[in-house]
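J.: please find the sequence and the predicted model below.
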Amino acid sequence: PGTGKSVAIRWLTSILGMTSLRVNVGVLNEHGSVVETLNTAMKVLKPDVVILDDLDRIEVDAEVLTFLESARRSCRLVIASANHESALNGAASRPGRLDELVEFTRLDLPVVEALLGEFRDLAELVEELPAAYVTEFANRCKVLGREVALSGLDELTERAEETSQDSD
């Protein structure tokens with residue numbers, strides 16, 4: 001968690017100039033009608049890319065597999081994110097469903113610098129933090145000022161560590 005998967009996916013689709021439909025896959029197991037609604041949304045919106053967030057957090061059942069296969073047929077690209085590859089259901093990771101697995105262990109320094117924008121000179125201080133916390137630090141710099149943001153860096157780092165431990 002917090003390695004920048006969602007940021008990377010949004011950047012990729014943006015840089016490729018593709019339209020996307022982002023799906024919180026947690027809703028896919030709630031009701032079969034959700035899958036039907038998503039299929040209708042894909043027909044109406046005709047996205048280039050379908051993004052399935054946190055595929056490892058759900059039980060990949062027949063309804064989800066049907067949606068995944070439908071998305072692969074109707075879109076140019078299907079991207080799924082997962083926090084733990086080992087938690088992916090075997091059916092989801094069979095050949096023809098997920099073509100490639102890319103591991104994000106942490107943000108690269110150029111990505112951290114891009115997230116910090118005008119405060120990129122502080123990148124080495126926050127490069128170990130998850131993307132959400134780097135963004136929060138950048139926002140603190142903008143709104144509260146550089147010195148106040150730096151004085152709260154220990155608190156931000158502690159929160160990031162607690163969040164990381166909670167997700168393991």
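T.: Here it is on my side, so go on.
J.: what sits against D56?
T.: The contact partners of D56, by Cβ atoms under 8 Å, 6 or more residues apart in numbering, come to A82, N83, H84, E85, A87, L88. To be clear about C-beta, it is placed using only N, CA and C from the backbone, and glycine gets the same treatment.
J.: ugh, typo on my part, it should be A71
T.: M42, V50, L52, V78.
J.: what's the helix or strand for it?
T.: helix 62-74 (DSSP states H and E).
J.: returning to that earlier point: most widely separated two among the contacts of D56?
T.: N83 and L88 (10.2 Å; Cβ to Cβ).
J.: what helix or strand is the most far-flung residue of the chain relative to its centre on?
T.: What lies farthest from the middle of the chain is E147; by Cα atoms, centre = their mean that is 30.2 Å. Using DSSP H and E, E147 maps to helix 146-151.
J.: mind listing what's buried in that helix?
T.: Within helix 146-151, the residues that count as buried by 16 or more other Cβ atoms under 10 Å are A149, L150.
J.: I'd like to know which elements that helix is packed against.
T.: helix 131-144 (3 or more Cβ pairs under 8 Å, 6 or more residues apart in numbering; DSSP states H and E).
J.: and the helix it packs on, how far from the chain's centre?
T.: 18 Å (Cα atoms, centre = their mean, to the nearest Å).
J.: just the contacts of A71: which are in helices?
T.: M42 (DSSP state H).
J.: nearest to D99, out of the contacts of A71: which one, please.
T.: Closest approach between these and D99, by Cβ to Cβ: V78, at 9.0 Å.
J.: for that closest one, give me the pLDDT.
T.: Turning to V78, the model gives it a pLDDT of 87.
J.: tell me what it is bridged to.
T.: Beta-bridge pairing for V78 (DSSP bridges): V50.
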